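Sequence first, then the predicted structure:
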Protein chains: 2
Amino acid sequence: MRATTIHAARDIRLTDVATPTVASPTDAVVKVVAGCICGSDLWPYRGENPIDAGQTIGHECVGVVEEVGTEVTSFAPGDFVIVPFCHSDNTCPHCRAGMTSACQNAGFTVSGQAEYSLVNQAEGSLYRAEAPGDDEAALKSLLALTDVMPTGWHAAVAAGVRPGGTAVVVGDGAVGLCGVLAASVMGAEKVVAMSRHEPRQEIARAFGATHVVAERGQAGEDAIAELTEGVGADAVLECVGTDQSMRTAFAVARPGSTVGFVGVPHGVELPLRRMFQKNVGLRGGMAPVRAYLDDLLPKVLDGSINPGLVFDAVRPLEEVADGYRDMDERRAIKVMLRP
Amino acid sequence: MRATTIHAARDIRLTDVATPTVASPTDAVVKVVAGCICGSDLWPYRGENPIDAGQTIGHECVGVVEEVGTEVTSFAPGDFVIVPFCHSDNTCPHCRAGMTSACQNAGFTVSGQAEYSLVNQAEGSLYRAEAPGDDEAALKSLLALTDVMPTGWHAAVAAGVRPGGTAVVVGDGAVGLCGVLAASVMGAEKVVAMSRHEPRQEIARAFGATHVVAERGQAGEDAIAELTEGVGADAVLECVGTDQSMRTAFAVARPGSTVGFVGVPHGVELPLRRMFQKNVGLRGGMAPVRAYLDDLLPKVLDGSINPGLVFDAVRPLEEVADGYRDMDERRAIKVMLRP
């Protein structure tokens, strides 16, 4: 099959690799209908994560079940499915506590930007949905449920967003925008998107942002202080993962609040003394996607959320390298790929 | 008046200093009935915090109101009062949210090991109680409410201890022991005290510990894993503040749980990648003592908690230097001082 592989920093190729097959009774193979590029794929793309030359890349996809192992009884070939980027058996103690991303039998999608993808714990991981057919907007929102929307949701859950009060979202990537949507759905009264890019500000407003702060650093912190009458935000969603974004997050958080973080941390030094003195907590990590789908899929289906708006570009799989370049250069927010 | 002062590492003296007086309309002066030495006083004592030679030391005391400023209307000379180590106006946005230790007008007790102590925001800070007279056990428990018991309670609140499940307490100092008591009162089914000192293990058991783990490092982590069938603890209370104790705390926490930390961090490097991968959060800091007294004083008065047990030594104020030495050498858990 054709699959996206990475060979060095900024060297993305479409390569012929072996088509995955069912090797374990818990496996399923999914024929990809749509995949996409994640902000976290840009870390290896930029050479900031180690690269195993020639490995496949891409962990988000939706598609049609092609083949299932003998222990997979709830899904059959032909089913349209959402594939959470992290696979979980949904029965271990961590899964039962809602922490599916820490499943004792966890696996990950490794060829989401390809023609086929292997799911390790298909019975516990997959989520059936009506096939969207030619409805590209519906397809985008289903694809957003494999990672980016549940990840933004996780930031809001981790930050403890509750009705009323102020939620600040640091980061205007696709995850940050989904964090804005999550905070708005959860009932925050003021939802502040920190963004200086006009197209992203527009989506943030469509997702429920009541305020946009374009300033960064001290000026950005001052703007949040003014918005909160010097008190600070009740909940802060850190959706980037850099030292600068984490500093901003802690600077704008009110005493007793929590920073919810979902950006894979890179070079972050936590302000531990400040956390202690201000009683500001930190929670987050890899989103338990499967656990959130019971909540999120109905919201997509009834139109109350439309996370697919984060896909501002669609390309055929052949143009995957262009998709990476566009995201790297911030010409695209998030690129959907069609095999 | 006579007050405890610190002059260099391990140089604690009883010195004549100016008796505090009401300087601001929000002040009160309290005649100390009992003060004590805190584990955090040992940081400067050991030379691990900077020392301003000759400064007074000690932030915990109970006593009798001697004099009040014009804006202090709820307290009068002669009242027996608990003095939270952090003073708060109890009206600012942080206080109203229960985060009194981050009060916009915060102050601190600075001569708790002395004859008199100044309270900066007396109206919002002080808590009246019946004078315990000659009942030394009652006096100890009231004194414990100025810092150590609310701090252990804060660790349990921050860690999210709930009925059922397993709470692990790292640290068997007075705060850790109060953390055991808090986790037990909050209904944890298994309360695990990590302690290798027999007298401390005894108090931990009296406070409700169902298990004691004497091992440290990997062996300690293995013991917790066995106790939790490999899942990890539902809540972890970190009551020391060193890198080693923090590592242990994160190692034994189950995915999705929170480490509640109340030990002032010294040389701690947080395992941020592990926190992200396991979704283990960190919350805590200076305890909002005043906010917890509504809950804790009634529990002391009805006998359902007896935090005064952490005081295993009582000395006259003259022997304060011996008290520090005993705590430094772990011959005493916590020393009460009587002026």
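Received the coordinates, thanks. Note that the coordinates shown come from a computational prediction; the quantities given were computed from them, not determined experimentally. Numbering: from 1, shown residues only, chains lettered A, B, ... in the order given.

Not counting its neighbours along the chain, what's nearest the closest residue to chain B within the stretch 101-250 of chain A?
Among all residues of the stretch 101-250 of chain A, residue A:102 sits closest to chain B, at 3.3 Å; criterion: C-beta to the nearest C-beta. (Glycine included, C-beta is placed from N, CA and C.) Distances taken as C-beta to C-beta, 6 or more residues apart in numbering or on different chains place residue B:255 nearest to residue A:102, at 3.3 Å, with adjacent residues excluded.

now the strands for the stretch 151-300 of chain A?
A:166-170, A:190-194, A:211-213, A:233-238, A:253-261, A:281-284 (DSSP state E, counting those that start in this stretch).

Of these, which is nearest residue A:107?
In terms of C-beta to C-beta, the element of these nearest to residue A:107 is strand A:281-284, at 21.2 Å.

So residue A:220 is in contact with residue A:194, correct?
Yes - under the criterion of C-beta atoms under 8 Å, residue A:220 makes contact with residue A:194 at 6.0 Å.

Could you work out the end-to-end span of stretch A:304-312 for me?
From its first residue to its last, stretch A:304-312 covers 20 Å (C-alpha to C-alpha, to the nearest Å).

sorry, back to before: the residue nearest to residue A:102 and residue A:126: what is the separation?
For residue B:255, the distance to residue A:126 (C-beta to C-beta, to the nearest Å) stands at 22 Å.

where exactly do the strands run in the stretch 1-150 of chain A?
Going by DSSP E, counting those that start in this stretch, the stretch 1-150 of chain A shows strands at A:2-8, A:11-16, A:28-36, A:55-56, A:61-68, A:80-83, A:86-87, A:107-108, A:116-119, A:127-128.

Figure out which of those is closest to chain B.
Of those, the one closest to chain B (C-beta to the nearest C-beta) turns out to be strand A:86-87, at 10.9 Å.

quick one: average pLDDT of that closest one?
The pLDDT scores in strand A:86-87 average 98.

coming back round to it: can you say which of the strands of the stretch 151-300 of chain A is packed in most?
strand A:166-170 (a mean of 33; mean count of other C-beta atoms under 10 Å in any protein chain shown).

Please work out the angle formed by the directions of that one and strand A:190-194.
10 degrees (axes from the mean of the first three to the mean of the last three C-alpha atoms, to 10 degrees).

close to chain B, is strand A:166-170?
No - counting by C-beta under 8 Å from any C-beta of the partner chain, chain B has no neighbours in strand A:166-170; the shortest distance is 11.8 Å.

could you give the mean pLDDT of that strand?
Average pLDDT, strand A:166-170: 98.

In the sheet, which strands lie alongside it, parallel or antiparallel?
The strands beside strand A:166-170 in its sheet (DSSP bridges) come out as strand A:190-194 (parallel), strand A:233-238 (parallel).

For the residue nearest to residue A:102, give me its contacts.
A:94, A:97, A:99, A:101-102, B:232, B:278-280 (C-beta atoms under 8 Å, 6 or more residues apart in numbering or on different chains).

do the same with residue A:235
Residue A:235 neighbours (C-beta under 8 Å, 6+ apart): A:156, A:159-162, A:165-168, A:183, A:188, A:257-258, A:260.

Name whatever forms a beta bridge with it.
residue A:167, residue A:258.

On the pLDDT front, check the nearest residue to residue A:119 once chain neighbours are set aside for me.
Spatial nearest neighbour of residue A:119, excluding adjacent residues (C-beta to C-beta, 6+ apart): residue A:28 at 4.6 Å. If you check residue A:28, the pLDDT there is 98.

I figured residue A:28 hits residue A:126, correct?
Yes - using C-beta under 8 Å, residue A:28 is in contact with residue A:126, at 6.7 Å.

between these two, which one's more packed in?
residue A:28 (28 against 25; other C-beta atoms under 10 Å in any protein chain shown).

residues touching the more buried one, list them.
By C-beta under 8 Å, 6+ apart, the neighbours of residue A:28 are A:22, A:65-69, A:72, A:75, A:118-119, A:122, A:126.

And residue A:152, by the same measure?
Taking C-beta under 8 Å, 6+ apart, one finds A:175-182, A:237, A:239, A:262, A:307 in contact with residue A:152.

Please apply the same query to residue A:42.
Residue A:42 touches A:324, A:327-328, counting by C-beta under 8 Å, 6+ apart.

Repeat that for residue A:168.
A:192, A:194, A:224, A:233, A:235-237, A:249, A:252-253.

before we move on, the earlier item: please list the members of the contacts of residue A:152 that lie in helices.
A:175-182 (DSSP state H).

and which of the residues you listed is nearest to residue A:139?
Using C-beta to C-beta, the ones in helices among the contacts of residue A:152 come closest to residue A:139 at residue A:178, 16.7 Å.

Give me the neighbour count for that closest one.
32.

Residue A:141 is in contact with that one, correct?
No - counting by C-beta under 8 Å, residue A:141 is not a contact partner of residue A:178; they are 10.9 Å apart.
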